[in-house]
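Undergrad: Okay, predicted coordinates and the sequence, questions at the end:
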Amino acid sequence: MDNNVSKNTFLDKFFKLHLKFDSIAIKYSLQQQLEYAINSYQQQHNFYVLSQSLVTLIPEKIILSRSHKTNSNKVKYRCAICFPLASQWQLSPLMLAKELIQIFTSIQNCSQETSLEFELELIASGWIDLSLKESSLINWLGQLIAFLETTTTVNENNHLCNHNNLFSLQYVHARCCSLLRLGEREGLIKLKASNFAVGSWNLLASCSFSGLNSQGNFFLNDESDRTLILELVNLVDVFASSQSFNCFKLAENLSQTMLDFEANCRIFGRINPQLAQARLGLVALVQYFLALLLQQLGVIPLSEL
């Protein structure tokens, strides 16, 4: 077991990397809001303070929904924290979930500082679904780019990965770089440099994700757009977590999602320029994170093949 972990997870050198993403991770923000709602519930009902083991359990009970059977246009988390809480307080998980939803919603409505807002839905037995509002998703994408513009990620890993199919990951990274160069030639974006330094945001002029389509909806609404966004959301959540993860699997998933995105989402040609710029912004995000993952795997990301 230990040998398998050391071969596949590469956690030891990720310590400096993941700490920087706490402030931007959606799951971390959701966790903070849930903890506040739980504390408010305790105070209202004069319940004793949660044990530290239950507090640390909260992140594990928040799971990003990746099922294609659900509405793919939503960034949705499913939370099961009511079950261990109800067990400790000898309550019905369903009733506890109803009250937590009321408190959580009230906190969001009253707070001027909450940048990410969620729509909550009660599921049978006490599960809670929390869907990120469209306006918050748009804001988050912009905040993520602003975060990357001002953050230089230092990666100290020298661990060489022995996987045989790293070429496919290198190909996708080089393809992202090629698309970004083409976007610059087409006058859609501007690049700082064409060498795409690892850990540095490479777009000189930030793209905007704030555009809406003719129906007034967020125009990154194709299923492949949203699947790629969901993959990026998950990646940032993982980087902000202290849990171990499989670095190669993350890179592989991101690469395959990027290939599906390119195959299904037009970027150049007869397309709204604002939509093209937003999609190039997604490509730039893939390039940034894939470069980090490749470096973590012990290889130099190639900008062209």
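TA: Structure received.
Undergrad: chain center to the longest helix along the chain, what's the gap?
TA: Longest helix in the chain by number of residues (criterion: DSSP state H): helix 273-296. Counting by CA atoms, centre = their mean, to the nearest Å, helix 273-296 is centred 13 Å from the centre of its parent chain.
Undergrad: Likewise for stretch 183-200?
TA: 23 Å.
Undergrad: For the longest helix of the chain, name the packing helices and strands.
TA: helix 134-149, helix 166-185, helix 223-240, helix 247-264 (3 or more CB pairs under 8 Å, 6 or more residues apart in numbering; DSSP states H and E). All C-beta atoms are positioned from the backbone trio N, CA, C, and that covers glycine.
Undergrad: C-alpha coordinates for it, CSV please?
TA: What follows is helix 273-296 as a C-alpha-only set of coordinates in CSV (Å, rounded to 0.1, in the frame of the first residue of the first chain):
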residue,chain,number,x,y,z
PRO,A,273,-15.6,37.4,-30.5
GLN,A,274,-16.5,37.7,-26.8
LEU,A,275,-17.4,34.0,-26.7
ALA,A,276,-14.1,33.2,-28.5
GLN,A,277,-12.2,35.2,-26.0
ALA,A,278,-13.9,33.5,-23.1
ARG,A,279,-13.1,30.1,-24.5
LEU,A,280,-9.5,31.1,-25.0
GLY,A,281,-9.6,32.1,-21.3
LEU,A,282,-10.6,28.5,-20.5
VAL,A,283,-7.8,27.2,-22.7
ALA,A,284,-5.3,29.5,-20.9
LEU,A,285,-6.5,28.1,-17.6
VAL,A,286,-6.0,24.5,-18.8
GLN,A,287,-2.5,25.4,-20.0
TYR,A,288,-1.6,26.9,-16.7
PHE,A,289,-2.8,24.0,-14.5
LEU,A,290,-1.6,21.3,-16.9
ALA,A,291,1.9,22.9,-16.9
LEU,A,292,1.9,22.7,-13.1
LEU,A,293,0.8,19.1,-13.1
LEU,A,294,3.4,18.1,-15.7
GLN,A,295,6.2,19.9,-13.7
GLN,A,296,4.9,18.1,-10.6
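Undergrad: list the buried ones in it?
TA: 274-296 (16 or more other CB atoms under 10 Å).
Undergrad: do the same with stretch 192-200
TA: Neighbour count says stretch 192-200 has 196, 198, 200 buried, by 16+ other CB under 10 Å.
Undergrad: ok, the last one to Leu191 distance?
TA: Pointing back at Ser200 there. Separation of Ser200 from Leu191 (CB to CB, to the nearest Å) stands at 11 Å.
Undergrad: what about the stretch 201-305 of the chain, any weak spots by pLDDT?
TA: Applying pLDDT under 70 to the stretch 201-305 of the chain flags the ranges 206, 214, 216.
Undergrad: swap the cut-off to 80 and go again
TA: 205-208, 210-217, 242-244 (pLDDT under 80).
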